[in-house]
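Peer 1: Quick one, what's the 3D model for this:
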Amino acid sequence: MAGPIQKLALKNSRFLVGSSRKKAAAQVSLGFLCREEDYPTSEDLRRAFAFAYKLQPLPDGRDWRIDLPEATASRARSPIARNVARPSTIQGMPR
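Peer 2: All right, here's what the predicted structure looks like:
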């Protein structure tokens, strides 16, 4: 089964192919009223909808590789521990 990144890449690819088809249909429909400059190029769309991801280890409030006074480190660890304990969701992603 495809993971979320592969699914997003597939949807992105389908969108780009679909936009090319819709542009061609608009050119036929509009005839001489169609202006090429009214439409983004395929490369513009590809750049606008490109995405990248980087895998990183999950932060852990106990993992510190810097030398700080304990009180300062403790204040910094607390928000990390709360954020790691709380599940996160990606909002606004189409299904």
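
Peer 1: going forward, measure contacts between C-alpha atoms and count neighbours the same way
Peer 2: Noted.

Peer 1: tally of neighbours for the nearest residue to residue 34 once chain neighbours are set aside?
Peer 2: Ranked by CA to CA, 6 or more residues apart in numbering and with sequence neighbours excluded, the top spatial neighbour of residue 34 is residue 27, at 5.5 Å. Neighbour count of residue 27, defined by other CA atoms under 10 Å: 15.

Peer 1: separation between residue 27 and residue 15?
Peer 2: Computed as CA to CA, to the nearest Å, the residue 27 to residue 15 distance reads 18 Å.

Peer 1: for residue 33, same thing?
Peer 2: In terms of CA to CA, residue 33 sits 25 Å off from residue 15.

Peer 1: Neighbour count for these two, which is higher?
Peer 2: Ranked by neighbour count (other CA under 10 Å), residue 33 and residue 15 place residue 15 first, with 15 against 10.

Peer 1: Please report the residue range of the longest helix in the chain.
Peer 2: For the chain, the helix with the greatest residue count under DSSP state H is helix 4-30.

Peer 1: mind listing what's buried in the very next helix or strand once past it?
Peer 2: The first helix or strand that comes after helix 4-30 along the chain, using DSSP states H and E, is helix 42-48. The neighbour-count check on helix 42-48 (16 or more other CA atoms under 10 Å) flags residue 45 as buried.

Peer 1: Helix 42-48: what's the following helix or strand?
Peer 2: As assigned by DSSP H and E, the chain's next helix or strand after helix 42-48 is helix 70-85.

Peer 1: Put the alpha carbons of that next one into PDB.
Peer 2: These are the backbone C-alpha positions of helix 70-85, laid out as PDB (Å, rounded to 0.1, in the frame of the first residue of the first chain):
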ATOM      1  CA  GLU A  70      19.200  22.600  34.400                       C
ATOM      2  CA  ALA A  71      16.500  25.200  35.000                       C
ATOM      3  CA  THR A  72      16.900  26.600  31.500                       C
ATOM      4  CA  ALA A  73      17.000  23.100  30.000                       C
ATOM      5  CA  SER A  74      13.900  22.100  32.000                       C
ATOM      6  CA  ARG A  75      11.900  25.100  30.700                       C
ATOM      7  CA  ALA A  76      12.900  24.200  27.100                       C
ATOM      8  CA  ARG A  77      12.100  20.500  27.600                       C
ATOM      9  CA  SER A  78       8.500  21.000  28.800                       C
ATOM     10  CA  PRO A  79       7.000  22.300  25.500                       C
ATOM     11  CA  ILE A  80       8.800  19.600  23.600                       C
ATOM     12  CA  ALA A  81       7.500  16.900  25.800                       C
ATOM     13  CA  ARG A  82       3.900  18.300  25.500                       C
ATOM     14  CA  ASN A  83       4.100  18.500  21.700                       C
ATOM     15  CA  VAL A  84       5.500  15.000  21.400                       C
ATOM     16  CA  ALA A  85       2.800  13.500  23.700                       C
END
